[in-house]
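Chemist: take a look and give me a structure for this.
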Amino acid sequence: MGLGSHTQVSDRAIDFEEEIKPDGTQGSSLAIAADRPIDESTNELKRGLNHRHLQMIAIGGAIGTGLFVASGSTISQAGPGGALAGYALVGLMVFLLMQSLGEMSAKIPVAGSFQSFATRFVSPSFGFAIGWNYWFNWAITVAAELVAAGIVVDFWFPGVPGWVWAGIFLLALTGLNALSAKAFGESEFWLSLIKVSAVVLFLIAGVLMIFGILGDNSPGLSNWENRDDVFHGGWVSIISVFMVAGFSFQGTELVGVAAGEAKNPRREVPKAIRTVFWRIMLFYIGAIFIIGCLIPFTDPSLLASGESDIASSPFTLVFSRAGIAFAAALMNAVILTAILSAGNSGLYASTRMLYAMAHDGMAPKIFGRTNSRGVPIAALLATAAVGLFGFLSAIVGQGAAYSWLLNMSGLCGFIVWAGIAVSHYRFRRGFLAQGNKVSDLPYKASLFPIGPLLAFALLILVIAGQNYEAVLAGRSVEVLSSYLGLPVFIVLWLGHRYVTKSKVVPLLEMDLTAPKDVEDEPIGATR
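Modeler: I've put the predicted structure just below:
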């Protein structure tokens, strides 16, 4: 991913900024390098995100604690083959969802994304529930990242309480997001570049260790020889790790939210959709394979052996067992960078969702206000307040807090994905019913209608079987944390429908209009 295409704007004293107004129109103004004050009553976002920003925002949101911290538990629970199969199946599902998202976001690039699509193509009540669910999902994910950050920093400072680090990182991420969308995109680019580079180096080093070129006493492929160990627990275990695998991939959909502030969404969103998914799949599948080769699934250091073992991620363990102590400490620092990057993206996504809902009358109006830099500060502060859940680590222990937050936010993400599948199915039907042709779409989901239907079916399977062990064992607290998001979503949906009497949107009445700044732009055009 090159940097040369962006040098032409980095040294301009005067920048041509594009502004998105609440009604979907777009205006332009010359802005001096120092932020020009604007009338805050206009409450505008600004299109400050370009191609490399969109690419790294998606990668940054998807590569974090799910890969670096939680991957060990999946291998311990289902064996290396079971974990690999679980991640691959979830990857297939996400591929189908990304195609669905790409088709809608390229045609209608708005900050509300899934909430707007659900409102326009299904019903206002469905959109209301999807929007609040997505906001809660990423707000809680920020808290989960804060807990994980405390766990990682414990590698160096075991005597410092986790809540101290959670507070420090929360303030830092909030301050970064308060600058501007362009500043967020730039910071996310460099944070993500660091961890992507680290994963690539990890894959290279892992292959060298497997072949005995690096490190001592390489196990080679011996951990894959016994079928009972490779697929420990069979299909039941594979389904049970879908929760962690799904949580790991959550973040790929951030491209849809960022499209609302992209400079050329009809060109850049399809590019991001086509390339980001395969890169993420390579990172996850490659990393799980290497960890499975180098660390037996019975190893007591994996996360599943107890909360006290969560202090070292499988990535750190691999380098430690290669006898490279300094590299292990360096990798731990990279893991911290990755965690903060994912939290940074989560704070951005949930803030923009709250902003969009406020403009659609589904959240208090104050959350729809922006400052002179186009940042919805009230929405940002409200979202950051949820991050205070990270301080649960000081009360119930880091491992317990991490598991609770992981489970709660993971299910919310699956519900949003299901909403994407349903919205896309109805979007395409409405698009054709109104006399349009598939060739008119800026980006086409090639597997429609099988794609959204299959993705939806897999999501139902994942949601139903995500924590069957806790259900069978009667562990009520664990079951509550895992499935709490589902009844909350249903109550929001049906409650809003009862109050507003909203109905399913007829195909011929669907709003298929895009913001005016992109509606009249030829597909594939540049600015």
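Chemist: any weak-confidence spans in the stretch 101-250 of the chain?
Modeler: For the stretch 101-250 of the chain, the stretches with pLDDT under 70 are 243.
Chemist: where does pLDDT dip in the stretch 401-527 of the chain?
Modeler: 401-408, 410, 466-468, 516-527.
Chemist: hmm, try it at 90
Modeler: Counting by pLDDT under 90, the ranges of the stretch 401-527 of the chain that qualify are 401-414, 440, 442-443, 446-447, 458-488, 513-527.
Chemist: helices along that one, start to end?
Modeler: Remark: helices assigned in the stretch 401-527 of the chain by DSSP state H, counting those that start in this stretch are 450-465, 468-473, 476-483, 485-500, 516-519.
Chemist: CA atoms only: put stretch 445-459 into CSV for me.
Modeler: Provided in CSV are the C-alpha atoms of stretch 445-459 (Å, rounded to 0.1, in the frame of the first residue of the first chain):
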residue,chain,number,x,y,z
ALA,A,445,-22.6,-8.4,-5.1
SER,A,446,-21.9,-11.2,-7.5
LEU,A,447,-23.5,-14.0,-5.4
PHE,A,448,-26.9,-12.4,-5.0
PRO,A,449,-29.4,-13.7,-3.8
ILE,A,450,-27.4,-16.7,-2.4
GLY,A,451,-24.9,-14.5,-0.7
PRO,A,452,-27.2,-12.6,1.8
LEU,A,453,-29.4,-15.7,2.3
LEU,A,454,-26.5,-18.0,3.1
ALA,A,455,-24.9,-15.4,5.4
PHE,A,456,-28.1,-14.9,7.3
ALA,A,457,-28.5,-18.7,7.8
LEU,A,458,-25.0,-19.0,9.1
LEU,A,459,-25.6,-16.1,11.4
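Chemist: what residues sit buried inside that stretch?
Modeler: Neighbour-count burial for stretch 445-459, counted by 16 or more other CB atoms under 10 Å, picks out 445, 448, 451-452, 455-456, 458-459. C-betas here are computed from N, CA, C, even on glycine.
Chemist: residues near the residue nearest to G256 when sequence neighbours are not counted, how many?
Modeler: Spatial nearest neighbour of G256, chain neighbours left out: S113 (4.0 Å); criterion: CB to CB, 6 or more residues apart in numbering. A count of nearby residues for S113, using other CB atoms under 10 Å, gives 31.
Chemist: got a list of what S113 touches?
Modeler: Taking CB atoms under 8 Å, 6 or more residues apart in numbering, we find S113 in contact with 101, 105, 253, 256-257, 259-260, 353, 356.
Chemist: do A262 as well
Modeler: 47, 49-50, 53-54, 109, 268-269 are the contacts of A262 under CB under 8 Å, 6+ apart.
Chemist: re the thing from before, let's have the contacts of S113 in a markdown table, adding secondary structure, neighbour count and distance to V164.
Modeler: Converted to a markdown table, the contacts of S113 look like this (DSSP: H, G, I helix; E, B strand; the rest coil; neighbours: other CB atoms under 10 Å; distance: CB to CB, whole Å):
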| residue | secondary structure | neighbour count | distance to V164 |
| --- | --- | --- | --- |
| L101 | helix | 28 | 38 |
| S105 | helix | 32 | 39 |
| E253 | coil | 26 | 32 |
| G256 | helix | 30 | 35 |
| V257 | helix | 27 | 31 |
| A259 | helix | 28 | 37 |
| G260 | helix | 24 | 35 |
| M353 | helix | 32 | 29 |
| A356 | helix | 29 | 34 |
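Chemist: tell me which of the residues you listed is nearest to F136?
Modeler: M353 (9.6 Å; CB to CB).
Chemist: isn't the closest one up against W135?
Modeler: Yes. Counting by CB atoms under 8 Å, W135 is a contact partner of M353 at 4.7 Å.
Chemist: now for the two: what residues contact both?
Modeler: With CB under 8 Å, 6+ apart as the test, M353 and W135 reach no residue in common.
Chemist: how near is M362 to W135?
Modeler: 10 Å (CB to CB, to the nearest Å).
Chemist: what do you get for Q99?
Modeler: According to CB to CB, Q99 stands 24 Å off from W135.
Chemist: compare those two and say which is more crowded by neighbours.
Modeler: Applying other CB under 10 Å to Q99 and W135 shows that W135 carries more neighbours, namely 27 against 22.
Chemist: start to end distance for stretch 62-71?
Modeler: Across its full length, stretch 62-71 reaches 13 Å between end residues, using CA to CA, to the nearest Å.
Chemist: from the chain's centroid, how far away is it?
Modeler: Offset of stretch 62-71 from its chain centre (CA atoms, centre = their mean, to the nearest Å): 11 Å.
Chemist: what does it rub up against?
Modeler: Contacting residues not belonging to stretch 62-71 are listed as 83, 144-145, 148, 151-152, 192, 195-196, 199, 244-245, 247-252, 254, 276, 280, 283-284, 287-288, 291, 303, 310, 313-315, 335, 338-339, 341-343, 402, 406 [CB under 8 Å, 6+ apart].
Chemist: taking those residues one by one, which sit in helices?
Modeler: Mapping the contacts of stretch 62-71 onto helices (DSSP state H) picks out 83, 144-145, 148, 151-152, 192, 195-196, 199, 244-245, 247-249, 254, 276, 280, 283-284, 287-288, 291, 314-315, 335, 338-339, 341-343, 402, 406.
Chemist: ok, the residue nearest the centre of the chain to S320 distance?
Modeler: Nearest residue to the geometric centre of the chain (CA atoms, centre = their mean): G251, 1.4 Å. Between G251 and S320 the distance, using CB to CB, works out to 28 Å.
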